[in-house]
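K.L.:
Using only what follows, build the 3D model:
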Amino acid sequence: MTTKTNRKESVQEPLLEVENFSLLFRHYGKGLRESNLEVIRKFDLTIHEGEIVAVVGASGSGKSLLANAILGILPDHAVMKGTLNYKGEALSHKKLLALRGKEISLIPQSVNALDPLMKTGKQVQTVIKEKNKREIQNAIFRKVGLAEETGDRYPFELSGGMTRRVIAATAMVSGAQLIIADEPTPGLDPAALHETINFMKQLAKDGKGIMFITHDIETAIQVADKVAVFYAGQTVEIAHANDFSGKGEKLRHPYTKALWNALPQNEFTPIDGTQPFAYEATEGCIFQPRCPISTDICRQKQPAFHSVEGGEVRCFHA
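P.N.:
Here you go, the predicted structure:
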């Protein structure tokens, strides 16, 4: 497992604080009856400066919707509830507009995020506030392993790995304190994956707080300090990356343990059943229908999010 550097627990105020957060969409059914479709419920997460927190979950669990909520790019019929704070202040829609692209930035999954009609150097320079834009852009290119002449090329002239470096360089010079990386690694070959992981660590080393969204546990534990496990729109566990070892003895939630042991290098044990959508949640534990250790209380009551042995979990039996 990769050794972590410069990213220890902080006692300072969180850069990002998400507490008991829910996201609903108003929609109309038969007879124009209005109802709410809940896609994220009771989500909890904190990110400090210099810290990488991976949000791991299956497709459809609500990970990208969470990113959109933090970036303030949800449609008008979206309704947010709970706490969503940046540097201790509520992220109102007005504040999100002021921070997006400045203090809060996105590293998208797609390498097509760059403007195809603008040279890459100019694209990086557009987010630099200082006057010596070209010098700063060249310096950051050298830092991420790009030759200076790369700045005179258009995106179609770059390889996929070079494009990702340009996107990372843009985030590094943007001045943003909070970086949201939305599934930046699927389909990468081992060399490109290694590069991307190093970019994330460099951003954290420079004091950025990073939310690393992925469905890949193996990548998550290589890059992150903590891993927030997302299930049906809900945080079920936040564990330290080094808790993912052995047969998952240090993990707290049955779903997290099942995910870990389902990997080929572990027991390769499948998880029975399928993940429900958040709006299909019952009164009890969201994982209860698939859980091998559930009891009556799991069917009757929603477990609270609480601390257990250095991590946080939503389970009665942890």
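K.L.:
Does the most centrally placed residue in the chain lie in a helix or a strand, and which?
P.N.:
Most central in the chain under Cα atoms, centre = their mean is residue 213, positioned 3.0 Å from the mean C-alpha point. Secondary-structure element containing residue 213, defined by DSSP states H and E: strand 209-214.
K.L.:
I'd like the next helix or strand past that strand.
P.N.:
Toward the C-terminal end, the helix or strand that comes next after strand 209-214 (DSSP H and E) is helix 217-223.
K.L.:
Which residues are in contact with residue 306?
P.N.:
With Cβ atoms under 8 Å, 6 or more residues apart in numbering as the criterion, the residues that contact residue 306 are 312-314. Heads up, the C-betas are built off the backbone N, CA and C, glycines and all.
K.L.:
Starting from the strand holding residue 213, tell me which strands it pairs with and how they run.
P.N.:
Paired with strand 209-214 in the same sheet, following DSSP bridges, are strand 52-56 (parallel), strand 178-182 (parallel).
K.L.:
tell me, which of those is the model least confident about?
P.N.:
Mean pLDDT is lowest for strand 178-182 out of the strands paired with strand 209-214, coming in at a mean of 92.
K.L.:
now the helix or strand following it: mean pLDDT?
P.N.:
Towards the C-terminus, the helix or strand next in line after strand 178-182, according to DSSP H and E, is helix 190-205. For helix 190-205, mean pLDDT is 83.
K.L.:
Tell me where this protein has strands.
P.N.:
Secondary structure of the chain by DSSP state E: the strands cover 16-28, 34-47, 52-56, 78-86, 89-90, 104-107, 178-182, 209-214, 226-231, 234-240, 306-308, 311-313.
K.L.:
Turn those into JSON lines, columns for distance to residue 169.
P.N.:
Shown next, in JSON lines, are the strands of the chain (distance: least, Cβ to Cβ, whole Å):
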{"stretch": "strand 16-28", "distance to residue 169": "23"}
{"stretch": "strand 34-47", "distance to residue 169": "22"}
{"stretch": "strand 52-56", "distance to residue 169": "18"}
{"stretch": "strand 78-86", "distance to residue 169": "24"}
{"stretch": "strand 89-90", "distance to residue 169": "29"}
{"stretch": "strand 104-107", "distance to residue 169": "11"}
{"stretch": "strand 178-182", "distance to residue 169": "12"}
{"stretch": "strand 209-214", "distance to residue 169": "15"}
{"stretch": "strand 226-231", "distance to residue 169": "26"}
{"stretch": "strand 234-240", "distance to residue 169": "30"}
{"stretch": "strand 306-308", "distance to residue 169": "38"}
{"stretch": "strand 311-313", "distance to residue 169": "34"}
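K.L.:
Next one, pLDDT for residue 243 please.
P.N.:
Residue 243 is assigned a predicted lDDT (pLDDT) of 97.
K.L.:
check contacts around it.
P.N.:
With contact taken as Cβ under 8 Å, 6+ apart, residue 243 is in contact with 227, 250-251, 311.
K.L.:
Separate out the buried members of those.
P.N.:
Under a neighbour-count criterion of 16 or more other Cβ atoms under 10 Å, the subset of those counted as buried comprises 227, 250-251, 311.
K.L.:
ok, so of these, who is nearest residue 277?
P.N.:
Each of the buried ones among the contacts of residue 243 was checked against residue 277 using Cβ to Cβ; the closest is residue 227, at 22.3 Å.
K.L.:
contacting residues around residue 193?
P.N.:
Contacts of residue 193 were listed using Cβ under 8 Å, 6+ apart, and they are 185, 219.
K.L.:
switch to 6 Å and redo it
P.N.:
Shown in contact with residue 193 (Cβ atoms under 6 Å, 6 or more residues apart in numbering): residue 185.
K.L.:
ok, it to residue 214 distance?
P.N.:
According to Cβ to Cβ, to the nearest Å, residue 193 and residue 214 sit 11 Å apart.
K.L.:
just residue 305 next, same as before
P.N.:
When distance is defined by Cβ to Cβ, residue 305 is 21 Å away from residue 214.
K.L.:
which of the two has more neighbours?
P.N.:
For residue 305 versus residue 214, neighbours defined as other Cβ atoms under 10 Å are more numerous around residue 214 (23 against 19).
K.L.:
Might you report the residue contacts of the more buried one?
P.N.:
Listed by Cβ under 6 Å, 6+ apart, the contact partners of residue 214 are 183, 220.
K.L.:
partners of it in the sheet?
P.N.:
Each beta-bridge partner of residue 214 is listed here: residue 56, as defined by DSSP bridges.
K.L.:
can you check residue 313 too?
P.N.:
Counting by DSSP bridges, residue 313 is bridged to residue 237, residue 306.
K.L.:
just checking, it touches residue 251?
P.N.:
No: applying Cβ atoms under 6 Å, one finds residue 313 not in contact with residue 251, separated by 8.8 Å.
K.L.:
Can you tell me which of the contacts of residue 306 are buried?
P.N.:
With burial judged by 16+ other Cβ under 10 Å, the buried subset of the contacts of residue 306 is 312-314.
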